[in-house]
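Trainee: Provide a 3D model corresponding to the input given below.
(one chain, ligands or ions: 1)
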Amino acid sequence: MNCVDSLYGCDQDESRKTLPGRYSPAAFEHKIPDDVLASSNATLQIRDLAKVYQTAAGTVNALRGINLDFQRGEMVAIVGPSGSGKSTLLNLIGVLDRPSSGEVSIEGIPVSSLNDSEQALVRNQLIGFVFQSYNLIHRSTVINNVALPGMISHRNRRQLLDRARKLLSIMGIADKSHCRPSQLSGGQQQRVAIARSLINDPPIILADEPTGNLDSSTGQEVFDLLCTLTRQLNRTVIMVTHNLELSQLVDRAVYLRDGMVEREIRN
Ligand SMILES: Nc1ncnc2c1ncn2[C@@H]1O[C@H](COP(=O)(O)OP(=O)(O)OP(=O)(O)O)[C@@H](O)[C@H]1O
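Mentor: Next up is the predicted model:
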């Protein structure tokens, strides 16, 4: 049993089905349109995704017909020049915003069409978020920050804290559990954020410039950690980055330009 298996104490996919408070995709089965459920094993499907912003200066076509599939265990970088639509795409995958047209499906659930409370559930249960600026709660301890997404979904507190402890140990910062985030270095804070992203065991981790605030060696360590953990857990990691070196170390790099996929490169 490796260190990641010890989080579960058993086969990972088996334990995912039985984790307390686990979101059940079956709850939304009646909402899935046939044309969205294409024959694909992808954990995440994006179909004809478009986003139009209306501004005082006029209409901005931020995304113009994006089609992408993401598999389990795949690490993908989204790259492209400023304004090409990277953040808009990540926000739509993360169900933080709604598309103007098209659909995002996660594990067969067409998440863009869900109502607000269903989308909140999807964000909590199916997606882990890692941000450039860590987004930790500074008045809470490190361990409570990690456990927070599980508390929101009303999971057993003792089990959550136990899992948070194990995650922090894997991140190499178990001794920081009762510190406040402000007492940690940037790299340590990002490790806390990665642990938090894994607490609800989501199939997808979205990372927005996860190494953007770190020096290159700390950034590389955080990247390696994210990479190793997510591979061992067989999760899908989608990372927006301006760092072209990192984009060559992932499985696939998707290049956006003017709101469209310009090219995809498999490394
Ligand atoms: N809330 C908004 N309202 C209006 N226009 C927006 C909004 N958000 C983004 N845009 C526009 O949509 C386009 C895509 O922006 P987006 O932030 O997705 O690009 P990006 O590739 O992430 O850029 P960067 O690398 O600079 O972060 C840009 O033209 C931007 O000005």
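
Trainee: and the stretch 51-200 of the chain, which residues reach the ligand?
Mentor: Neighbours of the ligand within the stretch 51-200 of the chain, by C-beta under 6 Å from any ligand atom: Y53, T55, V60, A62, G80, S82, G83, S84, G85, K86, S87, T88. Every C-beta, even on glycine, is put in place using the N, C-alpha and C of the backbone.

Trainee: look up phi and psi at the fifth one.
Mentor: Spelled out, it's G80. phi 150, psi 160 (degrees, to the nearest 10).

Trainee: distance of it from Q248?
Mentor: Using C-beta to C-beta, to the nearest Å, G80 is found at 15 Å from Q248.

Trainee: spell out the residue ranges of the helices in the stretch 101-250 of the chain.
Mentor: Taking DSSP state H, counting those that start in this stretch as the criterion, the stretch 101-250 of the chain carries its helices at 116-125, 142-152, 157-170, 186-198, 216-233, 244-247.

Trainee: most packed of those helices?
Mentor: helix 186-198 (a mean of 25; mean count of other C-beta atoms under 10 Å).

Trainee: any idea of the angle it forms with helix 216-233?
Mentor: Calculated by axes from the mean of the first three to the mean of the last three C-alpha atoms, to 10 degrees, helix 186-198 forms an angle of 20 degrees with helix 216-233.

Trainee: for helix 186-198, name the packing helices and strands.
Mentor: Judged by 3 or more C-beta pairs under 8 Å, 6 or more residues apart in numbering; DSSP states H and E, helix 186-198 is in contact with strand 127-131, helix 142-152, helix 157-170, helix 216-233.

Trainee: show me what that helix is in contact with.
Mentor: For helix 186-198, the external contacting residues (C-beta atoms under 8 Å, 6 or more residues apart in numbering) are 128-131, 134-136, 142, 145-146, 148-149, 164, 167-168, 170-173, 176, 181, 184, 205, 210-211, 213-214, 218-219, 221-222, 225-226, 229, 233.

Trainee: neighbours of G58, how many?
Mentor: Other residues near G58 come to 7 when the count uses other C-beta atoms under 10 Å.

Trainee: how near is F70 to I205?
Mentor: From F70 to I205 the distance is 11 Å (C-beta to C-beta).

Trainee: what of T211?
Mentor: 14 Å.

Trainee: kindly report the same for V104.
Mentor: Distance, V104 to I205, using C-beta to C-beta: 15 Å.

Trainee: repeat for Q190
Mentor: Q190 sits 13 Å away from I205, going by C-beta to C-beta.

Trainee: anything in contact with each of the two?
Mentor: Residues touching both Q190 and I205 (C-beta under 8 Å, 6+ apart) are V130.

Trainee: ok so, going back, closest to I109 among the residues of the stretch 51-200 of the chain next to the ligand?
Mentor: Closest approach between these and I109, by C-beta to C-beta: T88, at 20.9 Å.

Trainee: number of residues surrounding that closest one?
Mentor: With other C-beta under 10 Å as criterion, T88 counts 21.

Trainee: likewise P99?
Mentor: Using other C-beta under 10 Å, P99 has 23 other residues around it.

Trainee: that one against G65, yeah?
Mentor: No. Contact between P99 and G65 fails when scored by C-beta atoms under 8 Å: they sit 10.7 Å apart.

Trainee: list the residues that contact both of these two?
Mentor: The contact lists of P99 and G65 share L49, A50, where a contact means C-beta under 8 Å, 6+ apart.

Trainee: need the helices and strands packed on helix 186-198 in JSON lines with distance to I199 and mean pLDDT, can you?
Mentor: JSON lines is the format used below for these (distance: least, C-beta to C-beta, whole Å; pLDDT from 0 to 100):
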{"stretch": "strand 127-131", "distance to I199": "8", "mean pLDDT": "93"}
{"stretch": "helix 142-152", "distance to I199": "5", "mean pLDDT": "94"}
{"stretch": "helix 157-170", "distance to I199": "6", "mean pLDDT": "92"}
{"stretch": "helix 216-233", "distance to I199": "12", "mean pLDDT": "85"}
